[in-house]
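Engineer: would you be able to build a 3D model of this:
(one chain, ligands or ions: 1)
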Amino acid sequence: MIEIPGFIDLHTHTRYPDNDKFPFIDIDDSAINGGFSTILAMPNSEIPIDSIKNLRIAQEIDKKLKTKVHRVGSLTKNLEGKELVNYKEFVENGITIFSDDGKSLIDDHLADEAFKQISKLGGAVFQHCEKSCHSKPGDIAPPNSNSDLIPINNDEELEVLERDLSLSQKYGTRYHAQHLSTFESVELIKKAKQEGLPVTAEVTPHHILLNNENLDTNNGLFKMYPPLRTEKDREGLVDGLQSEIIDVIATDHAPHKAETKNVPFKDANRGVVGLESAFPLIYSSNIFDIDQMLKFLVINPTKILTELGYEIPKTVNTWKKSKSVFITKSIFKNSLFENENIEIERVLSGV
Ligand SMILES: [Zn+2]
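Structural biologist: Residues are numbered from 1 along each chain as shown. Below is the predicted model of the structure:
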C-alpha cells in the first residue's frame, strides 16, 4: 500500500448544472476512484456559468459532492464569443479564473478587452485554443485519409496561443494554456516563460500517452478536441513536461452518453472521460517518476489555484501496486484506456 496526496484536476467538465440530465454523483465517484480530491469545473454546462445566478445554481450542487469543486466563470455570455461577462462581479464572488473552454475567445477586439479587464482584477484567462471553433470546427488531426472529416491543423491551436501570449505581454495578464497538443505550442510557452510572462500550461493524459497512428476514423470514441496528433507532437509534449515548460497534467474529463459516441466519427460528440484513468495509466507508462507525477498532478495545480485565491484541501489516498486491467467504473464509458494494463490500483475505503 502507498499513500499518495489527493490530485487536483484543472480541467473537468461536470456537465451539471444541466437540469438533472447527467447524475452529478457520477463526477464525484469518478474523481474519488481516480484519486482526485479537487476539480476545477469548466463553465460550458447546459446552464453556462456566465452569471452569478448560474454560478449559485452550480455551487448548490457542488456542495453535495465529497470532492472539492472550484468554479470558472465564462469569458463570454453563453460562451458565444460575442459579449463579455461581468468579470468584476465574479471576482467579488471568489471566481478569478475565466475560460470559454469548449470554444476559444476568437474576436481580437473582445480578447484585448477581456485580457485588459481580467488583468486589472487580478484574475486569469484559461484558454482552449481553437481558431475555427465558432466558424467551422474540425474533426481530426492530419494525416487523415477519411475525406469526410475536416482536418484540424496545428495552426488551429498555434494562432490563438500566439495572439494570447502577445496580449498577456501587453497587459501582464495571468494566462494558462489549456490542453496543448502540438510540439510547436511547447516552444511558444518556453519562449513566453523565458520572457518572464505570467504563463502556465497543461496537457492531458491522452495526448502524452497516445498518438493518431492507426486511429479508427470510423469510431466516434476517438473524437475530441484537441485531437490526438502525431508521434512528434506527443514526444514534444512529454519533453515539455520533462523540462517543466508544461506545468500540469489535467484530464479534460468529458462524460458523454453512449448514443453520442457509438456513432460515426463525424457525428460523435467531442471528448473522453479521464478522471479515473489518469493516474493509473500515467504511472504504468513509466514515462515519469513519482516525484514528477506529484508535481504535475498536485504541487503545480495547487500553486496555480492558490495564487488565484482558491483553497485546496489537503488529502491523502491509498493505492496498491498490483498488475490488472483498467476498467471504467463511471456509467459513462467513453474512455480511451478500457482494458489497458495497469500496475497500480486505487484502494477505496468503505466501498
Ligand atoms: Zn477544451
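Engineer: so where do the helices sit in the stretch 1-150 of the chain?
Structural biologist: Using DSSP state H, counting those that start in this stretch, the helices of the stretch 1-150 of the chain run over residues 24-34, 52-62, 87-92, 108-120.
Engineer: give me the distance from the last one to the chain's centre.
Structural biologist: It refers to helix 108-120. Computed by C-alpha atoms, centre = their mean, to the nearest Å, the separation of helix 108-120 from the middle of its chain amounts to 22 Å.
Engineer: can you tell me the closest non-neighbouring residue to the closest residue to the ion within the stretch 101-250 of the chain?
Structural biologist: In the stretch 101-250 of the chain, the residue found nearest to the ion is H128; the distance is 3.5 Å by C-beta to the ion. In short, each C-beta sits where N, CA and C put it, glycine included. Once flanking residues are discounted, H128 sits nearest to D101: 4.5 Å by C-beta to C-beta, 6 or more residues apart in numbering.
Engineer: what about the one you found, how many neighbours?
Structural biologist: 24 (other C-beta atoms under 10 Å).
Engineer: likewise for I246?
Structural biologist: With other C-beta under 10 Å as criterion, I246 counts 26.
Engineer: for the closest residue to it other than its chain neighbours, what are its contacts?
Structural biologist: By the measure of C-beta to C-beta, 6+ apart, the closest residue to I246 outside its immediate chain neighbours is G240, 3.9 Å from it. When contacts are counted by C-beta atoms under 8 Å, 6 or more residues apart in numbering, G240 touches L180, V186, I189, K190, A201, V203, I246.
Engineer: of all the residues in the stretch 251-351 of the chain, which one is nearest the ion?
Structural biologist: With C-beta to the ion, the shortest gap between the stretch 251-351 of the chain and the ion falls at D252, namely 6.1 Å.
Engineer: run the angle between the strand ranked longest in the chain and helix 24-34 for me.
Structural biologist: Ranked by residue count under DSSP state E, the longest strand found in the chain is strand 316-325. Between the direction of strand 316-325 and that of helix 24-34, the angle (axes from the mean of the first three to the mean of the last three C-alpha atoms, to 10 degrees) works out to 80 degrees.
Engineer: what about the helix or strand that comes right after strand 316-325, distance to the chain center?
Structural biologist: On the C-terminal side of strand 316-325, the closest following helix or strand by DSSP states H and E is strand 341-347. Going by C-alpha atoms, centre = their mean, the spacing between the C-alpha centre of strand 341-347 and its chain's C-alpha centre is 23 Å.
Engineer: before we move on, what about stretch 195-212?
Structural biologist: For stretch 195-212, the separation from the chain centroid amounts to 10 Å (computed by C-alpha atoms, centre = their mean).
Engineer: what does stretch 103-111 give?
Structural biologist: With C-alpha atoms, centre = their mean as the basis, stretch 103-111 stands 19 Å off its chain's centre.
Engineer: list the contacts of it.
Structural biologist: If you take C-beta under 8 Å, 6+ apart as the criterion, stretch 103-111 is touched by 44, 75-76, 79-82, 84, 114, 125, 127-131, 133-134, 160, 163-164, 167.
Engineer: contacts only, for the closest residue to A254 other than its chain neighbours.
Structural biologist: Taking C-beta to C-beta, 6+ apart as the measure, A254 lies nearest to G271, with 2.8 Å between them; neighbours along the chain are not counted. Going by C-beta under 8 Å, 6+ apart, G271 touches H13, K223, M224, Y225, D252, A254, P255, H256, N334.
Engineer: break down the stretch 101-250 of the chain into its strands, ranges please.
Structural biologist: 124-127, 174-177, 199-203, 248-249 (DSSP state E, counting those that start in this stretch).
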